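Participant: sequence and predicted model, in that order:
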Amino acid sequence: MLAPLSWLKEYVDIKMSPAQLGERLTEVGLGCEKITRVDGDVIFEFEITPNRPDLLSIVGIAREIAAIEKKEIKLKIKAIPSSSKKLPFIIHNDFTLIEHYSSVVISGVEIKDSPEWLQKRLNQLRLRPINNIVDITNYVMFELGIPLHAFDYDEIHGHEFFIEKAKGGEKFTSVDELSYSLPRDAIIIKDIDRIIDLVGIKGGLNSGITKKTKNILLQTSTDNPILVRRASQALSLRSDASSILERGVDKNGMIPALARTANLILELAGGEIASELYDIKKEKFEPWKLSLRIDRLNSILGIEIPEKKVTGILDSLNLNPVIDNAKIIECTIPTYRNDLKIEEDLIEEVARLYGYNNFPKTMPVGEIPTKQIPYFRDYRIDEKIKQILRASGFSEIYTYSLTAQGNLRVDNPVSREFEYLRPSLKTNLTKALLQNKPYFKEINLLELGKVYLGKTIDEAKEAYFLSGISNAKSFYEIKGILERLFEELGISEDPGKSIEVVDEGIFFELDFSHLISLQKPKKAFVPLPKYPPITEDMTFVVPARIQTGELLNEIQKQSKLIVKVTLLDQFEDTKTFHIVYQDPDKNLSTDDISPIRKRIFTYLKNKFNIRIKE
């Protein structure tokens, strides 16, 4: 939010320097990101949090300054002049889409360039001046925080409005001459035969203000913020108006904004009021009551703030505090402060205006907790596993938990591509491999993340899976990497691993939660052997039905001096095994190895009908 100092001073008498003002506003939560000097004025740039849409306006920021300075704010709202001239207009509203709709017709306007002061203001806000009517609606939107739109009254067929939801797929051309296919449930305004407005986002080209415009319909409304945001996201189309409306606006701000805009139009574009004031709402939007207990305030903040100071702060925020004998302060919350709903909200208001820097500095007290919390997760194990896989050539990625297919559908998906909670990491890893394939010859990807199992919400459960995909490694390489991983974790039993040959390479998936439950991280220390090993390779002709793992185990069993057996190579029906012999107490000789070798040959021949390759 950009705010020129000269504009703020029109509403509140500011005595602080720009630097002091920026610092103080940051202290109370506005987040002054930058202060710049442009054409003899000072421009403040604020970072406004989503819960404070009232601060997306000059008046909203001026209210905060007035609260800090303990001064009154000066508003400039005059009533809309009455008129006997009545141009026809009918509105058919849907209160689930627009809670409060206000409009008025102005006839006989002259479309021309805005005066220099108005163009300067818009330039300060980084907006491009267009014409006096459009410029005035933009000016008031930033002044009061209420979006407005002006239609060419004569281009409204039938002079009748229908407020509806889009069915999806309708074509719409905006005032900036861009065409869109509308998403389902976007709020639209139609005249008797066409769409003329994408509510809260963009007006239509077919009813926009042009140099030929003589009569205008000026409107403002409180639009359903959820539907505005969804349509804005679906179209990747954000406007200043949608940014304000999707956060929620002051439901009682429509008439003041309409009056301010109408009077500026009469002043800068001429014309006269040519209709009744249309003010359509289902109910009155009244301020609400909210109580604050003094003892609760002091308990939460940890300090005692004098009652007079507390009521003074609340009064400076226009909350009209009244304190009773039970030391309970009852406040009346204005409708522009939609963020004040519970007692703690009032406590926060007192704290931020009192000044967090005024709180005494204290050291934390209490004991360091020693009991492990129920949801504790040891990320050191995660990192160890990732390090092993990274050392094996894999790169870690993170993908979305939402996918286009699955069993568990979310209630409010952002798009059809992200409707379901993922039941596996396979789809996203495969997609990532395909996306990287044009740029890299060898791709090895891994992901450790949550998957969501079950066919219904009632059966749903979360689990961590460890998965990977490779177009560069063979089945046996992946198998070896996983066996190495299990060895490092001290896992001796089968963890239920899955290796699958897919179209693009090799994919593996492990139930990580189960994997962790099997690990035995504690290892016994074994000193380095004093005496060197003897190694030799043996090649056998092996029948196809014999599994390599079984052979490795049987060879290992033939002697305590065999410390390691691995498959070195295989070709057709032959397998070569690398055998390591070692004695912790002495050097081995050929005479020690010969009987063991003979025992291996004899045992494998008798049990598996295996013979030595000549």
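Facilitator: That came in fine, so what should we check first? Everything numeric here is computed off the predicted structure, so don't read it as measured data. Residues are numbered from 1 along each chain as shown.
Participant: using PDB, list the CA coordinates for the longest helix belonging to the chain.
Facilitator: For the chain, the helix with the greatest residue count under DSSP state H is helix 590-608. Presented in PDB, the C-alpha positions along helix 590-608 are these (Å, rounded to 0.1, in the frame of the first residue of the first chain):
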ATOM      1  CA  THR A 590      46.900 -70.800   1.100                       C
ATOM      2  CA  ASP A 591      46.700 -73.900   3.300                       C
ATOM      3  CA  ASP A 592      44.100 -72.300   5.400                       C
ATOM      4  CA  ILE A 593      41.900 -71.300   2.500                       C
ATOM      5  CA  SER A 594      42.100 -74.500   0.400                       C
ATOM      6  CA  PRO A 595      39.800 -76.600   2.600                       C
ATOM      7  CA  ILE A 596      37.300 -73.800   2.800                       C
ATOM      8  CA  ARG A 597      37.200 -73.400  -1.000                       C
ATOM      9  CA  LYS A 598      36.800 -77.200  -1.400                       C
ATOM     10  CA  ARG A 599      33.900 -77.200   1.100                       C
ATOM     11  CA  ILE A 600      32.200 -74.400  -0.800                       C
ATOM     12  CA  PHE A 601      32.500 -76.300  -4.100                       C
ATOM     13  CA  THR A 602      31.200 -79.500  -2.700                       C
ATOM     14  CA  TYR A 603      28.300 -78.000  -0.800                       C
ATOM     15  CA  LEU A 604      27.000 -75.900  -3.700                       C
ATOM     16  CA  LYS A 605      27.200 -78.900  -6.100                       C
ATOM     17  CA  ASN A 606      25.400 -81.200  -3.800                       C
ATOM     18  CA  LYS A 607      22.600 -78.800  -2.800                       C
ATOM     19  CA  PHE A 608      22.100 -76.700  -6.000                       C
END
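Participant: now the element after that helix, going C-ward?
Facilitator: Moving toward the C-terminus from helix 590-608, the next helix or strand (DSSP states H and E) is strand 611-612.
Participant: note down every partner strand of that next one and its orientation.
Facilitator: strand 534-541 (antiparallel) (DSSP bridges).
Participant: next, the angle from the helix or strand following the strand it pairs with to helix 590-608.
Facilitator: For strand 534-541, the following helix or strand on the C-terminal side (DSSP H and E) is helix 548-556. With axes from the mean of the first three to the mean of the last three C-alpha atoms, to 10 degrees defining the directions, helix 548-556 sits at 140 degrees from helix 590-608.
Participant: for helix 548-556, buried residues please.
Facilitator: Leu551, Leu552, Glu554, Ile555 (16 or more other C-beta atoms under 10 Å). For the C-beta atoms, the positions are set from N, CA and C on the backbone; glycine is no exception.
Participant: taking those residues, tell me the two that lie furthest apart.
Facilitator: Leu552 and Glu554 (7.5 Å; C-beta to C-beta).
Participant: what do the two both touch?
Facilitator: Counting by C-beta atoms under 8 Å, 6 or more residues apart in numbering, Leu552 and Glu554 have no shared contacts at all.
Participant: what residues does stretch 23-32 touch?
Facilitator: Residues outside stretch 23-32 that contact it (C-beta under 8 Å, 6+ apart): 16, 22, 44-49, 52, 55, 61, 64-65, 67-68, 352-353, 355-357.
Participant: from the residues you listed, keep the buried residues only.
Facilitator: So, by 16+ other C-beta under 10 Å, the buried ones in the contacts of stretch 23-32 are 22, 44, 46, 48, 52, 55, 61, 64-65, 67-68, 352-353.
Participant: ok, those residues vs Ile77, which is closest?
Facilitator: Ile61 (17.4 Å).
Participant: distance check, Ile478 against Asn51.
Facilitator: Distance, Ile478 to Asn51, by C-beta to C-beta, to the nearest Å: 49 Å.
Participant: then Ser243?
Facilitator: Taken as C-beta to C-beta, the span from Ser243 to Asn51 is 14 Å.
Participant: can you check Phe440 too?
Facilitator: 44 Å.
Participant: ok, which stretches of the stretch 151-300 of the chain are strands?
Facilitator: 160-165, 171-173, 179-181, 187-190, 195-198, 202-203, 216-223, 272-273, 278-281, 288-293 (DSSP state E, counting those that start in this stretch).
Participant: how far is the first one from where the chain is centred?
Facilitator: Here the centre of strand 160-165 is set off from its chain's centre by 32 Å, with C-alpha atoms, centre = their mean, to the nearest Å.
Participant: so Ile188 makes contact with Val199?
Facilitator: Yes. Ile188 sits in contact with Val199 when judged by C-beta atoms under 8 Å, with a separation of 6.3 Å.
Participant: now the strands: where do they sit in the stretch 401-550 of the chain?
Facilitator: Going by DSSP E, counting those that start in this stretch, the stretch 401-550 of the chain shows strands at 402-403, 408-409, 420-421, 444-453, 461-470, 498-502, 505-511, 534-541.
Participant: quickly, which of those bottoms out on average pLDDT?
Facilitator: Ranked by mean pLDDT, the strands of the stretch 401-550 of the chain end with strand 498-502 at the bottom, a mean of 83.
Participant: tell me the angle that strand makes with strand 461-470.
Facilitator: Using the same axes, to 10 degrees: strand 498-502 against strand 461-470 is 50 degrees.
Participant: Ile188 and Val199: which has the busier surroundings?
Facilitator: Taking other C-beta atoms under 10 Å, Ile188 and Val199 do not tie; Val199 has more neighbours (27 against 22).
Participant: now do that one, the pLDDT please.
Facilitator: At Val199, pLDDT is 93.
Participant: in this protein, what helix or strand scores lowest on average pLDDT?
Facilitator: strand 498-502 (a mean of 83; mean pLDDT, DSSP states H and E).
Participant: which strands and helices lie in contact with that one?
Facilitator: helix 475-489, strand 505-511 (3 or more C-beta pairs under 8 Å, 6 or more residues apart in numbering; DSSP states H and E).
Participant: please redo it, this time with the cut-off set to 10 Å
Facilitator: Here strand 498-502 touches helix 426-436, strand 461-470, helix 475-489, strand 505-511, going by 3 or more C-beta pairs under 10 Å, 6 or more residues apart in numbering; DSSP states H and E.
Participant: now what about it, what contacts it?
Facilitator: 426, 429-430, 433, 467-469, 471, 474-476, 478-479, 482, 506-511 (C-beta atoms under 10 Å, 6 or more residues apart in numbering).
Participant: mind running it again at 6 Å?
Facilitator: Strand 498-502 has contacts (C-beta atoms under 6 Å, 6 or more residues apart in numbering) with Ile478, Phe507, Phe508, Glu509.
Participant: look up the closest residue to the last one, ignoring the ones flanking it.
Facilitator: Ranked by C-beta to C-beta, 6 or more residues apart in numbering and with sequence neighbours excluded, the top spatial neighbour of Glu509 is Ser467, at 4.4 Å.
Participant: now the most centrally placed residue in the chain: how far from Asp583?
Facilitator: Nearest to the geometric centre of the chain sits Val414, at 11.2 Å (C-alpha atoms, centre = their mean). Counting by C-beta to C-beta, the gap from Val414 to Asp583 is 66 Å.
Participant: and stretch 508-522, how far apart are its ends?
Facilitator: Start-to-end span of stretch 508-522 (C-alpha to C-alpha, to the nearest Å) is 26 Å.
Participant: got the buried residues for it?
Facilitator: Phe508, Glu509, Leu510, Asp511, Phe512, Leu515, Ile516, Gln519.
Participant: picking up where we left off before, give the buried residues for the least confident helix or strand of the chain.
Facilitator: Going by 16+ other C-beta under 10 Å, strand 498-502 has no buried residues at all.
Participant: give the partner strands of it in its sheet and their orientations.
Facilitator: As assigned by DSSP bridges, strand 498-502 forms pairs with strand 505-511 (antiparallel).
Participant: what's the pLDDT at Glu72?
Facilitator: 88.
Participant: count of residues packed around the closest residue to it other than its chain neighbours?
Facilitator: Nearest residue to Glu72, sequence neighbours excluded (C-beta to C-beta, 6+ apart): Ala66, at 6.5 Å. When neighbours are counted by other C-beta under 10 Å, Ala66 registers 22.
Participant: pLDDT score assigned to Ala66?
Facilitator: On pLDDT, Ala66 comes in at 93.
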